[in-house]
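S.K.: only geometry, no sequence info:
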DNA sequence: TAGTGGTCTAGACCACCGG
DNA sequence: CGGTGGTCTAGACCACTAT
């Protein structure tokens, strides 16, 4: 029989529906790709493409020889884009502003070393800065940059360009970690962000490495009211 | 010349390196797939696979006829999995516990209607519950469930099974929204979560729809110390 | 070690959209 | 309307891993 030229999205949808209908419950094994291809009358590679998408979405798990199974522990999977802060402000319609608070070199404290998964203490650059939107505090960042992997940053004028932007544009990374949590504003943070001490602030920590060598770690404390939103 | 059987990962790496090296700067146009395939001596579909991955990673942008360009505004793209709370607790090695605080039906307040993008006010089920880890408060959830799309939840014994788990397992959704932010604990919340009023708490809001029809919206307030982490 | 998913190739046609 | 990415097919071989 001649395949009727179905798109992999249709195939994915048909498989997904069978999962949602309960025909295949969490943990159940699905037929092998070849059989599904025959059942659905398409090429095996089309089934493969559909399965890849379902797998990316966290709906199924695939294993060579083990076959394809419905994921036993369903998750809500979201994709999160963290842009350069300037772009983020501008995308929200704000006029971006930036102030360097302080910059100095020195050995990083133990806590930072640990965050970087760095064993031996190294000389690093610490940069404190404030991002503004329409002249109001938007985000405070407390950053440590490795002078081993980014020696060129010594020559960057950080009063004009944020370390955030320079690093994202010039320092590719192969691995990163993000942490989100809430923190109480102390007096200094409250002053910087234009709020009262004791306010609840949303914090984003980001650390990047290139091949296990740390590049930078930053604690970005957002002004009150900040929300991180992901849609689908 | 015979193609030397290169994997799409190699091809992706080679293209990525050319981008990182500055040969193609942000905004620049890359050669068409066919030319790259010839240049790299592989099939066009292999280049396509590599490009798809770079595109998924937010590194390039592709357009029919328009060609492939290096994304002008680089982003850090992370994938975030939000599991069922019980699974999350157990994965961290904790003993999961659950307490229903209150459940009642009634019209949802305007704020909830808005969050659900629901125009007309509807009768809904409100559920307040506490998730525990090793007997300690882990997360408080304040949930509203649509009785239009989930009438079966009336018959679920929510003192035994959390609405979180029941919904995730039985109510597939086609769209969702996540919000993260920080909030200050009031007296009641502090009491529930075993902390002091004024503490900074990390909040996750999740709303799900099935084809534009709202299913549920939940505000999950985590106990102090909670962090959301994503790795690569 | 055999079975299953993962990938590659070559060729064809389709769909979108910029010029 | 023509160029570029997107997809499908058919067939082959590879790589991982459960049994």
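M.R.: Right, received. Where do you want to start? These numbers come from a predicted model, not from an experiment.
S.K.: run through chain A and note the low-pLDDT ranges.
M.R.: Where chain A drops to pLDDT under 70, the residues are A:1-6.
S.K.: residue of it with the smallest distance to DNA strand C?
M.R.: Distances between chain A and DNA strand C by Cβ to the nearest atom of the strand are smallest at residue A:65, namely 2.8 Å. (Each C-beta comes from the backbone N, C-alpha and C, glycine too.)
S.K.: from residue B:53, how far off is residue A:30?
M.R.: Remark: distance between residue A:30 and residue B:53 (Cβ to Cβ, to the nearest Å) = 24 Å.
S.K.: also residue A:72?
M.R.: Using Cβ to Cβ, we find residue A:72 at a distance of 27 Å from residue B:53.
S.K.: quick check, central residue of chain A?
M.R.: Residue closest to the mean C-alpha point of chain A, counted by Cα atoms, centre = their mean, is residue A:80 at 5.4 Å.
S.K.: got a list of what residue A:115 touches?
M.R.: With contacts defined as Cβ atoms under 8 Å, 6 or more residues apart in numbering or on different chains, residue A:115 is in contact with A:205, A:207, A:217.
S.K.: which of those tops the neighbour count?
M.R.: Neighbour counts for these peak at residue A:217, which has 27 neighbours (criterion: other Cβ atoms under 10 Å in any protein chain shown).
S.K.: could you look up the SS state of residue A:137?
M.R.: The three-state label given to residue A:137 by DSSP: H, G, I helix; E, B strand; the rest coil is strand.
S.K.: show me what it is bridged to.
M.R.: residue A:132 (DSSP bridges).
S.K.: the contacts of residue A:115 in strands, which ones?
M.R.: A:205, A:207, A:217 (DSSP state E).
S.K.: since we're on the residue of chain A closest to DNA strand C, how many residues are nearby?
M.R.: So residue A:65, with other Cβ under 10 Å, has 4 neighbours.
S.K.: looks like residue A:95 contacts residue A:131 (just checking).
M.R.: No. In terms of Cβ atoms under 8 Å, residue A:95 does not count as a neighbour of residue A:131; the distance is 11.7 Å.
S.K.: now do the shared contacts for those two.
M.R.: Common neighbours of residue A:95 and residue A:131 (criterion: Cβ under 8 Å, 6+ apart): residue A:89.
S.K.: same drill for the two, tell me which one is more crowded.
M.R.: Neighbours per residue (other Cβ under 10 Å) separate residue A:95 from residue A:131, with residue A:131 holding more: 23 against 11.
S.K.: sorry, back to before: looks to me like the residue nearest to the centre of chain A is in a strand.
M.R.: Yes. Assessed by three-state DSSP, residue A:80 belongs to a strand.
S.K.: for the spatially closest residue to residue A:119 that is not a sequence neighbour, helix, strand, or coil?
M.R.: Using Cβ to Cβ, 6 or more residues apart in numbering or on different chains and skipping the chain neighbours, the partner closest in space to residue A:119 is residue A:113 (7.7 Å). Recorded secondary structure, residue A:113: helix (three-state DSSP).
S.K.: next: residue A:166.
M.R.: helix.
S.K.: contacting residues around it?
M.R.: A:153, A:156, A:158.
S.K.: hmm, 10 Å instead?
M.R.: Each residue near residue A:166 by Cβ atoms under 10 Å, 6 or more residues apart in numbering or on different chains is listed here: A:84, A:145, A:150, A:152-153, A:156-158, A:160.
S.K.: ok, the residue nearest to residue A:119 to residue B:146 distance?
M.R.: For residue A:113, the distance to residue B:146 (Cβ to Cβ) stands at 49 Å.
S.K.: so which of those two has more stuff around it?
M.R.: Using other Cβ under 10 Å as the criterion, residue A:113 and residue B:146 rank with residue B:146 on top: 24 against 19.
S.K.: would you agree the residue of chain A closest to DNA strand C falls within a strand?
M.R.: No. Assessed with three-state DSSP, residue A:65 is coil; it does not lie in a strand.
S.K.: from DNA strand D, how far out is it?
M.R.: Going from residue A:65 to DNA strand D by Cβ to the nearest atom of the strand, to the nearest Å gives 3 Å.
S.K.: same deal with residue A:147?
M.R.: Distance, residue A:147 to DNA strand D, by Cβ to the nearest atom of the strand: 37 Å.
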